Structures are given as C-alpha cells and as structure tokens.
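# got a sequence here, can you build the structure:
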Amino acid sequence: MAKSNMTATRVKPEVSEPLTLRVLRSERVSPHFMRVTLGEGDIDRFTPMGYDQWFRLFLPVSDDSLARLPGKLTTLAYARYLTIPKSSRPILRNYSVRAYRPEGPEGPELDVDFVLHGSPGDGTAGPASTWALTCRPGDQVAILDEGISFNPPPGVRSVMLVADETGLPAAASVLASLPRDIEGRAVIELPSPDDRQDLDAPPGVEVTWVPREDPHEVPGRAALALARELPVPAESFFGWAVGEQALPAALRRHWIGAGVPKGNIMFCGYWRAPAAR
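Presented below is the predicted three-dimensional model:
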C-alpha cells in the first residue's frame, strides 16, 4: 500500500491467525471483475466485521506454499516470508471482504472480488488476476484477517466514499454495513459502464458511477475531479477515499482545506500507478 492513515482509524480483529480456505465457486460478474467465493477449511474461525474489512491473501504456487505462513505480518515476519524460496513462496496480496454469508449452501462463505487486468494467455495479467481466472473449486488459499479502517468518530451523520475500481469491493461492503438512516454520497470510478454492480446502500446515500471515457487514463482521476466539485458538509461528516494513491492523497488535502478535521478522514493508496515515461 502507498500513502495512508489506516493505522489511525483501524479496528483490529480480536483474533488474527492464518486460515486455510477452499474455493467454492467463481463467477465473472462484469468485464473487469471476477468473484471468487471461499469457504470450508477454517471458515468457522473467521469473524466478520463488516465495513472495509480486509485481509492478507496467500495464493499457493506449490504443494508446500501454505506450510510456513506467518501468524501476523510484522516487519520481521515479512522479512522471513521473503526468505522463502520463490519456488514455494506463496503470492501475497491485500484484498477486501466483498460479502460474508454465515449460511451458504456449503456453510459459511465469503466473496472476494478481483479486478482483472490483462490476459493470462499473453502474460499481461498479474498473478492474482491470473489465479482468479483459472482457480477451480477445491483449490486452497490462506487469509490473515487485518480488521477494518472505516471507523468514524461518534455523531457522524453524513459520509462520502470515493474510490476507483480497486476500492469498489470495500466500498460495497461499507455501504451494506452503514446505518440505514445515514446520508451521503458514494463516487466510484469504473473501467467501463458494464462494470456497475448492484449495491446495498442506505436510502439516503446516493451512488454515482464514473466510467472512464479514456481506457488509458490513470484510474482515480475522474472520480477525484467529481468529488472535488461536491459540497462538503460543515459538520458530522466522515470522508473515506481509497484507490490509486493520487486519488486519496489529493482528496484528503481537499477535504482538510474545506475544514474537515483530519480525524474525520480515512484515506489509503491501495496501489501506485507506474510513472509516465
């Protein structure tokens, strides 16, 4: 992750331990999103917290990849993880819980949405995208719960969520977790209009989709431009911005300039766009 104040607002899980889960099913939900549903294994030990709950996802590359997982990802534990030979070191990525169901067809299950870039066939897709497109029921993964960062101060009555496509899964979960009487706005940028999803937002929260007109545009710029034009409530407001690092960093500056206290903002750069050549 890039620039963030997640640690200031974060609520850690009471217990965090590596959980081994299996793929139950997968579904292409839109041109740029693949949903993988996980369950079985240690799923009974997973504690759903709602909002923007996220976790470390370990994808095996060999039969012994999940045998030496860290109990928590401290700096020292990560350094030890890097000493594992690449031939068996699991792929490590951060993902959000798109949805959790305590009673699925095969027991508790959670959905993970993957943003798809490139193609596995020509080698342009990243390892996580490739895995999401090629995984099969029964395939094993491991997760390490890291809790939530959407933690507004008491008395907040209005929210604004702003994200590019990498933040859509977390934004969807936040919207579904919000009190039904809260008001606000969600601005979500997408690669294409066909990537819109049905969201469970409170009646008073307006969802605005911002499909990119130029497929080569850096994600987040269109959402940032629109969010800057929106009025910011003078009080009882909480802002949440995630995605390519330029989006949340710039929006945080804008909100602070509009008078929003720093403690009423959660921002996180989920990823960093390559520098222009």
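
# all strands for the stretch 101-250 of the chain, in order.
107-115, 140-147, 158-163, 183-190, 205-211, 237-244 (DSSP state E, counting those that start in this stretch).

# how about JSON lines for the ones you listed, with distance to residue 49 added?
Where you see a C-beta, it was placed from the backbone N, CA and C, and this is true even at glycine. Listed next are the strands of the stretch 101-250 of the chain as JSON lines, based on distance: least, CB to CB, whole Å:
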{"stretch": "strand 107-115", "distance to residue 49": "12"}
{"stretch": "strand 140-147", "distance to residue 49": "6"}
{"stretch": "strand 158-163", "distance to residue 49": "17"}
{"stretch": "strand 183-190", "distance to residue 49": "20"}
{"stretch": "strand 205-211", "distance to residue 49": "20"}
{"stretch": "strand 237-244", "distance to residue 49": "15"}
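
# so which of these is nearest residue 65?
Nearest of the strands of the stretch 101-250 of the chain to residue 65, taken as CB to CB: strand 140-147 at 8.7 Å.

# may I have the closest one as PDB, with CA atoms only?
Written as PDB, here are the backbone C-alpha positions of strand 140-147 (Å, rounded to 0.1, in the frame of the first residue of the first chain):
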ATOM      1  CA  GLN A 140      -6.700 -23.900  -1.300                       C
ATOM      2  CA  VAL A 141      -5.700 -20.400  -0.200                       C
ATOM      3  CA  ALA A 142      -5.000 -18.800   3.100                       C
ATOM      4  CA  ILE A 143      -6.100 -15.500   4.600                       C
ATOM      5  CA  LEU A 144      -4.900 -13.400   7.500                       C
ATOM      6  CA  ASP A 145      -7.600 -11.000   8.800                       C
ATOM      7  CA  GLU A 146      -6.500  -7.400   9.400                       C
ATOM      8  CA  GLY A 147      -9.700  -5.800  10.500                       C
END
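
# just to check, residue 224 is in contact with residue 249?
No. Using CB atoms under 8 Å, residue 224 makes no contact with residue 249, being 9.7 Å away.

# quick revisit: got CSV for the strands of the stretch 101-250 of the chain, with mean neighbour count and distance to residue 197 too?
As requested, the strands of the stretch 101-250 of the chain are exported to CSV (neighbours: other CB atoms under 10 Å; distance: least, CB to CB, whole Å):
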stretch, mean neighbour count, distance to residue 197
strand 107-115, 22, 9
strand 140-147, 21, 22
strand 158-163, 26, 12
strand 183-190, 23, 9
strand 205-211, 16, 9
strand 237-244, 27, 16
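
# leaving out sequence neighbours, find the closest residue to the spatially most central residue of the chain.
Nearest to the mean C-alpha position of the chain, by CA atoms, centre = their mean, lies residue 96 at 3.8 Å. Nearest residue to residue 96 in three dimensions, chain neighbours excluded: residue 170, at 4.0 Å (CB to CB, 6 or more residues apart in numbering).

# I'd like the distance between the one you found and residue 42.
The gap separating residue 170 from residue 42 is 23 Å, by CB to CB, to the nearest Å.

# from residue 215, how far off is the residue nearest to the centre of the chain?
For residue 96, the distance to residue 215 (CB to CB) stands at 24 Å.

# quick one: what helix or strand has residue 27 in it?
strand 19-30 (DSSP states H and E).

# and residue 226, how many neighbours?
15 (other CB atoms under 10 Å).

# surely it meets residue 210?
Yes. Contact criterion CB under 8 Å: residue 226 and residue 210 qualify, at 5.9 Å.

# more neighbours: residue 170 and residue 42, which one.
residue 170 (28 against 15).

# dump the residue contacts of that one.
Neighbouring residues of residue 170 by CB atoms under 8 Å, 6 or more residues apart in numbering: 52, 54, 96, 163, 242.

# out of everything not next to it in sequence, what's closest to residue 203?
residue 180 is the one closest to residue 203 (CB to CB, 6+ apart), at 7.0 Å.

# that neighbour touches residue 200, doesn't it?
No. Counting by CB under 8 Å, residue 180 does not reach residue 200; the two are 10.0 Å apart.

# which stretches of the protein have low pLDDT?
Low-confidence segments of the chain (pLDDT under 70): 1-3, 276-277.
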